Structures are given as C-alpha cells and as structure tokens.
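Chemist: need a structure here:
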Amino acid sequence: MIHHDVTIVGGGCVGLSTAKHLSEQTDLDIAVLEKEHHLAEHQSGRNSGVLHPGFNYPPDSKKAQFATEGTRRMKEYCAKHDVPCDELGVLVVAKTDREEAHLDVLASQADANGVEYERLDSQAAIAEHEPHAVGQAAFYAPEAASVDSQQYIYALAREIQQNGVSLYTGHAVERIRERSSGYQLTTSNSNIETTYLVNAAGLYADTLAQQVGVGDGYQVIPFRGEYYEVTPDQSELCKTMIYPTPDPELPFLGVHYTRRTDGKVIVGPNAVLAFGREAYENTDINLSEFKDILAYDGFRKLLQSQTMLSVAWSELNKSYRKKAFTKAAQRLVPEVENDHLHKSYSGIRAQLVSDDGELVKDPLAIETEDAVHVLNAVSPGLTSSLPFGEYVAEKIIELDDRSSC
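Modeler: So this is what the prediction gives:
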C-alpha cells in the first residue's frame, strides 16, 4: 500500500497552494489526490477569474487579510510563472441614494485594509472609466485584476511536482478510515495510507469530514452561478469590470461585468440553488443529493428568511428566463440587449450552511490532532488561495512539530 506523510484531497487552488507551501517549508512526503483526470474542472476553474483587492470585507477579518495579501501575491506569482493577469481595476456603481451611502462603507473598509480607491460622484466621472455604465456615483479600485484561473492552477501543479509532490489525477476519494496512526484513504484507483490529512475537497469537503466525525454542524449547499458572454461586436460595452454596489443584507453580489484576460466580456453570475453538487446545467439533477439538501434542517431554516426566499425566486427567474438575466445586466449597462448575450459556462459555489440556517461567510478550516478540514473556502477563494494555502500548511507543520516532541 502507498504511504505518504501528508495527503491533500482536492487539486483545486487551495489544495495545490497548501502543497506548494508544505513542499517549500518541509521535507515531508506529500501527495495531492484529484478525482478528475484534468485539473480546474470545478470551482477553481469555473469562476470569473477576478482578483478582489479587499475593499468589500470587514477590517481584521480573515477575508480582508487573505484578499489584500492574496491579490498582491497572486500578481507576483502570475508574473513569475507567465500566467495571464491584467490589472484592469473595478468600478462599483451606485444607482440609488441607499447604494451611494454604502459606498462610504466600502471606502472605510478600503482605508482600513490599505486598498487604493477613488470616489466618483457623477455620471460624467463614471463615464471617464466606463463610457456605457450608468449610475449616480461609483467607487473605483484600480488594483482589481483579471487572471486566467485555469492557467494558474496548472502553474501550481507544475511547481509542486518540481518540488517532489506526487500528484494523482483520476483518484476520487470514496472512503476515509481512521487508523491507529493517521488515515487510510480508499480511492477509485488505489488505497493510500497517510500520517496527516488535508481535506480540501471543495463541494464534497463536508461529506468527507463527516466520515471521521468532523463538521457535523454544517452542510455544503451548492449554488450555481451562470454566465453569459457579450458578443464580440459589443465587447466595448465594458472595458474593465463593472460591479453593482453590494447589498449587505444579501448573500450574493449580483450580476456584473468582467473583461477576461482573453479579451472576452462575461456577464454574471446569478446564484441559484443547484439540484446537485455538480449540476452545472439548470436541467441537471442529482436526486440523492437534492433530497439531502431538502432534508437538511439548516437549509429549511435558511429559507424561513423572507429575504432569502425573495432572492431565491429572483435568481431562479434569471436562470430560466434570459430576459430576466438581461434586465439585471441592463441595470449597470442599459445599452446591452438580449441579443448581445450568449450563454457561456457555469460554476457551482460550495456554500457552507450551519445547522441554525446561517450562511458561513468566513473561511473555515477545522483542525484535529492529525488533519485539517477546509470546510469553507468561499469567495474570494481564488484571490485568497496563496495565503489561505500557506495558513493550512502552517497548521500541518504545527501538528507535525507537536507529534515530534
């Protein structure tokens, strides 16, 4: 049977970043298990590719720390490894007095988190940045960037292999069993023994953790985000990135515009309940997983909120009615028309929900005496991946140091 000192389940941005930092700081024998035959098949490769500089997160929070540090480090990493990364900046547009007042909150958070920004107080000032965006005020953050997330994942994979990490693709972990020392992992291709475990399995992190009695108070609820692409002849409707002002009472940002590193402009995502953890189309359903969602007390409590019910209906409407999606896109750029948008890709967000019906908003990694379970790497997960992976690696190093004493 194969044995490794550390086995990381999940070859996404957090798992690979953890392997990178462990391989740089220790002589441990490290393996990464990825269930797919290709990397970046799920959350790490199915996102907008935006680096969020940290103005949207409360000061002193893990999100703020990881986002501000992560943006800086990601840009350096991309430059070193020839990963496409364009510093375009983001324009956050306010359409109402209430939204304009919230720009003050963003400015305060930006000041506290050391994020560069500019306040724009007129339509004319907005048009200087984005000629087709319409609003009464805006917040501009020049440090926001667009990165090719899939090339980033493969750069990490090449780097860790050069550092001696074993990368197993096509190895879906089916069962985790605790041993007297460490764990035995049964995968679709082999059995592996490991002294330390890092569970970074994304959409299935909760189910694996619960096999060994961790994270019983939580469940991942999958939310699908669907994107449209602006037709090439209309791509000048967005030069950089155009975002709505976030509503602090709502869990998701809303439809926005992103210019990718390949020059394409994508619009989205919405945030609709997926009928399975990998139900990427609105016609997909995994009956077993959907039943688990409906049976979960935390999910039912979440839907007791009138705000969540309203959001759920609105997002579902955007998923099945293109005109509703276009209407949401027109709020920021009125010139965009239904025919300007073509269906693109979709991703699924692994949103952790607690038994009391609360959305877990901060990163969550639960540590035991010989494992770290990353149960929540919620947005901005890609932006945060380098410092978050280092944080997880340091936890494993601490465990190893304690066991050596």
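Chemist: what comes up buried for the worst-scoring helix or strand of the chain on mean pLDDT?
Modeler: When the helices and strands of the chain are scored by mean pLDDT, DSSP states H and E, helix 306-320 comes last with a mean of 84. For helix 306-320, the neighbour count (16 or more other C-beta atoms under 10 Å) marks 308, 311-312, 314-319 as buried. Every residue, glycine included, has its C-beta placed from N, CA and C.
Chemist: Stretch 38-50 too?
Modeler: Quick answer for stretch 38-50 (16+ other C-beta under 10 Å): 39-50.
Chemist: which outside residues touch the least confident helix or strand of the chain?
Modeler: Helix 306-320 has contacts (C-beta atoms under 8 Å, 6 or more residues apart in numbering) with 224, 226, 249-252, 255, 270-273, 282, 302-303, 324-325, 328.
Chemist: same thing but at 10 Å, please
Modeler: 223-226, 247, 249-252, 254-255, 268-274, 281-283, 301-303, 305, 323-329, 346, 357, 359 (C-beta atoms under 10 Å, 6 or more residues apart in numbering).
Chemist: Put the buried members of those residues into a PyMOL selection.
Modeler: Selecting only the buried entries of the contacts of helix 306-320 in PyMOL, with 16+ other C-beta under 10 Å as the criterion:
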select buried, resi 223+224+225+226+251+252+254+255+268+269+270+271+272+273+274+301+302+324+325+326+328+329+346+357+359
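Chemist: need the strands for the stretch 251-400 of the chain, in chain order.
Modeler: 256-259, 265-268, 272-273, 341-354, 364-367, 371-376 (DSSP state E, counting those that start in this stretch).
Chemist: Name the strands paired with the second one and say parallel or antiparallel.
Modeler: It refers to strand 265-268. Strand 265-268 has the following strand partners under DSSP bridges: strand 218-230 (antiparallel), strand 256-259 (antiparallel).
Chemist: Of all those, which one comes closest to residue 141?
Modeler: strand 256-259 (13.3 Å; C-beta to C-beta).
Chemist: Give me the mean pLDDT for that closest one.
Modeler: Averaged over strand 256-259, pLDDT sits at 98.
Chemist: Show me this protein divided up by domain.
Modeler: What automatic domain parsing lists as the domains of the chain is 1-49+148-217+358-405, 220-354.
Chemist: List the contacts of the closest residue in space to residue 105 that isn't next to it in sequence.
Modeler: Of all residues not flanking residue 105 in the chain, residue 248 sits nearest, at 7.5 Å (C-beta to C-beta, 6 or more residues apart in numbering). For residue 248, the contact set (C-beta under 10 Å, 6+ apart) comprises 56, 102, 105.
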